[in-house]
Structure formats: C-alpha cells, structure tokens
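*Asks:* dropping a prediction and its sequence here:
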Amino acid sequence: MPELPNHLPDLDPVVHGKMRLALLSLLSGVDEAEFTWLREKTGSTDGNLGAHLLKLEDAGYVAMEKKFVARKPVTLYRMTDTGRAALERYIASLKELLGTAL
Amino acid sequence: MDVDGNTVGGSAMNEREIGERIALIESMMREGRRRTEYWGWNFLLWGVAYLIAIGWSSYLPAGRALAWPVTMVLAVVLTIVIARRRMRREPKTERSRALGMIWMAMGWGIFVFAFPVTYSGHFEAHAFMAAIEAMLGIAHVASGSMLRWSTQIVVGALWWVAAIATCFVPSGNDVAFIFLAAVLVCNIGFGTYLMIRESRDKALERARAVQHA
C-alpha cells in the first residue's frame, strides 16, 4: 500500500487511540454519561476503559464527576470544550488525509 | 508512536486505516445518539389512572370527591419512581431534558389549573375538560415535533379534536364519553403500541448482539 506524502497533518496521539476515539465520539452526542453506559457501548472491561478515560482526563478532553444518585455512587463523564475541539481537529485531519489519498 | 503502538504521523496512515477511523467515529456517534427511552408504560399508566378515576367517581359514591385527587397523585408518584429506575443509567442530553420539561410543565399546568377550578365553585365541565384535553394535545404535539415523530403528533391532534368536540356536545355525559374515548385511543392504545414496539426493538437488539458475539 503506497505511503502518503509526509507534509500531511499529524494526528493527536491522545485522540488517535481507537478506544479513546470511540469514547470521545460517544461523548460528543451526550451531555454526560455514566461509566457503565460507556462500558456497555464500547464492550470494554472496567480496567481498560478506566485507563483510557484517565488518559483523556489527563489531557483535559473529558471531565469526571462522582456523585450519589438514589444513594448509589455513580461516575459521570462529559466531554470538555477542549476535547470537542480536539475531536473536530482530528476529524478534519482525517478528511484532509482522505482527500489526499483519493 | 503513541502508547497504543500506533504511529500518529499522518504520513503513516493508509487509505484503509483512515476509512476505518472515520467509520468508527460515525458508528460511535450514532450509538451515542441512539436512545433506549421507552415511555409506553407511562401513557398506559396514566390511561389506567384516568379510567380508575372515572369509574370510581361515577360508580362508587363513597369518597367520590377523592377519586381524582387520589388517583392523579398516585399516578404522579408511580411515574416518578418508575422513571427514575428506568432512566438511571441513560445519559443526559439537551433533548431528553427538553422533552422531560414539556411533560413536567404540562403536568404542573394541569395541576395548577385543575384543583383551584374544581374547588372554586366556578367549575363548568365543558370548559374544564376542553382545557385539559387541549393541554394534553399541546404536550404530545410539542414532543412529537421535537422527535419528528408523526405518530405522536397525530395523537396530539386527536386530543385537540376531543377538545373541540367537548365544546359543542350538549351534556356532561357526552363530555365524559369524549374524554373516555380519547383516553382509550391516546393513552391505552398509544401506550400499548409503544410497549409492543419496545419489546420488538429489544428482541432485535438481542439478536444483533448474538450475531456480533
């Protein structure tokens, strides 16, 4: 498969991971989501999901909140403005790459 | 190279990899927008509550004055309890909040209107029932318009037809009959249709999950 020319945009390494890309894409459509909902949608394990969410949190792309709902602890995640901008930049980069590849 | 072992320079991605990433984004965005909120049970619950209130106030003289207050308050409590349990894990969105507000505003509006009118001494059955039916129609049409769901818009329109008809019928019995007919179609019928759709959708999801396993 031919390589693309090397003047093309680099991709954000935090967004580029498939699981993290999936998480950001899921969170882009909701205000906030529970850990369990994200796990169900991605089919991931608790540990794997937690690690990727922590990386996104460290990058400032998602925010986490722990609270009690009906006396049960829930962990909620939401995408930050920084995360939304990062995803948009990543998508724009992919489109640019695809346009060059075609 | 990132922690996943992926090279992140754009120059190292081929067309297939780019396509896969785009497909992943699209499918996850679609998945995130897909809602599993089903409210058929709630329409059915309120339809049954109305029927109980009508039956109690018409055929059981004992505590007749309590028929509507008691059944309506019980229906509100059951709605809150069941909705909290069912919606606990679903993500919040602007749309789900807006839809919830439409129905809460309608509920509060009916409550604020109905109790004072009933006990004020100025109660008139035609105007009262027409107002209630019109409010129910507003909530259905607003909700159906937000969801771009013509079935629910039609249900709202049927409540408006009931409201108009109520204004022109001669007797109180006719008013009750129109309300009963609207409840049977717009609550019992619509609620049952939604619950059948829900169980069909869940069966399809299970079949899809088995296929991908």
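*Replies:* Okay, I see it.
*Asks:* can you pull out the strands in the chain?
*Replies:* Assuming you mean chain A. A:33-34, A:62-69, A:72-79 (DSSP state E).
*Asks:* nope, chain B
*Replies:* Counting by DSSP E, chain B contains no strands.
*Asks:* point out the most buried one among the strands of chain A.
*Replies:* Using mean count of other CB atoms under 10 Å in any protein chain shown, the stretch among the strands of chain A with the greatest mean number of neighbours is strand A:33-34 (a mean of 22). All C-beta spots, glycine's among them, are computed from the backbone N, C-alpha and C.
*Asks:* picking that back up, ok, which of the strands of chain A comes nearest B:S150?
*Replies:* With CB to CB as the criterion, B:S150 lies closest to strand A:33-34 of the strands of chain A, at 29.5 Å.
*Asks:* quick one: mean pLDDT over the closest one.
*Replies:* Average pLDDT, strand A:33-34: 92.
*Asks:* where do the helices sit along the chain?
*Replies:* In the absence of a named chain, this looks at chain A. Secondary structure of chain A (DSSP state H): helices at A:13-16, A:18-27, A:35-42, A:46-58, A:81-101.
*Asks:* actually it's chain B I care about, not the one you picked
*Replies:* Under DSSP H, chain B gives helices at B:15-33, B:40-59, B:67-87, B:94-119, B:125-147, B:150-168, B:172-183, B:190-212.
*Asks:* turn those into TSV, including mean neighbour count and mean pLDDT.
*Replies:* Listed next are the helices of chain B as TSV, based on neighbours: other CB atoms under 10 Å in any protein chain shown; pLDDT from 0 to 100:
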stretch	mean neighbour count	mean pLDDT
helix B:15-33	16	85
helix B:40-59	18	92
helix B:67-87	15	89
helix B:94-119	14	89
helix B:125-147	19	94
helix B:150-168	18	96
helix B:172-183	18	93
helix B:190-212	12	81
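*Asks:* chain A is nearest to which of the ones you listed?
*Replies:* Of all the helices of chain B, helix B:15-33 sits nearest to chain A, with 3.5 Å by CB to the nearest CB.
*Asks:* contacting residues around that closest one?
*Replies:* A:1, A:18, A:21-23, A:25-30, A:33, A:41, A:91, A:94-95, A:97-98, A:101-102, B:13, B:91 (CB atoms under 8 Å, 6 or more residues apart in numbering or on different chains).
*Asks:* of those, buried ones?
*Replies:* Buried members of the contacts of helix B:15-33, counted by 16 or more other CB atoms under 10 Å in any protein chain shown: A:21-23, A:25-30, A:33, A:41, A:91, A:94, A:97-98, A:101, B:13, B:91.
*Asks:* shaky segments in chain A?
*Replies:* A:1-9, A:100-102 (pLDDT under 70).
*Asks:* repeat the analysis, applying 80 as the threshold.
*Replies:* In the predicted model, chain A carries pLDDT under 80 at residues A:1-10, A:69-70, A:98-102.
*Asks:* so which residue is smack in the middle of it?
*Replies:* By CA atoms, centre = their mean, chain A has its centre lying nearest to A:L24, at 2.5 Å.
*Asks:* what's the spacing between that residue and B:S145?
*Replies:* When CB to CB, to the nearest Å is applied, the distance between A:L24 and B:S145 equals 31 Å.
*Asks:* swap in B:W160?
*Replies:* 14 Å.
*Asks:* quick one on the thing from earlier: TSV for the helices of chain A, including distance to chain B?
*Replies:* What follows is those, written out as TSV (distance: least, CB to the nearest CB, whole Å):
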stretch	distance to chain B
helix A:13-16	4
helix A:18-27	3
helix A:35-42	5
helix A:46-58	8
helix A:81-101	4
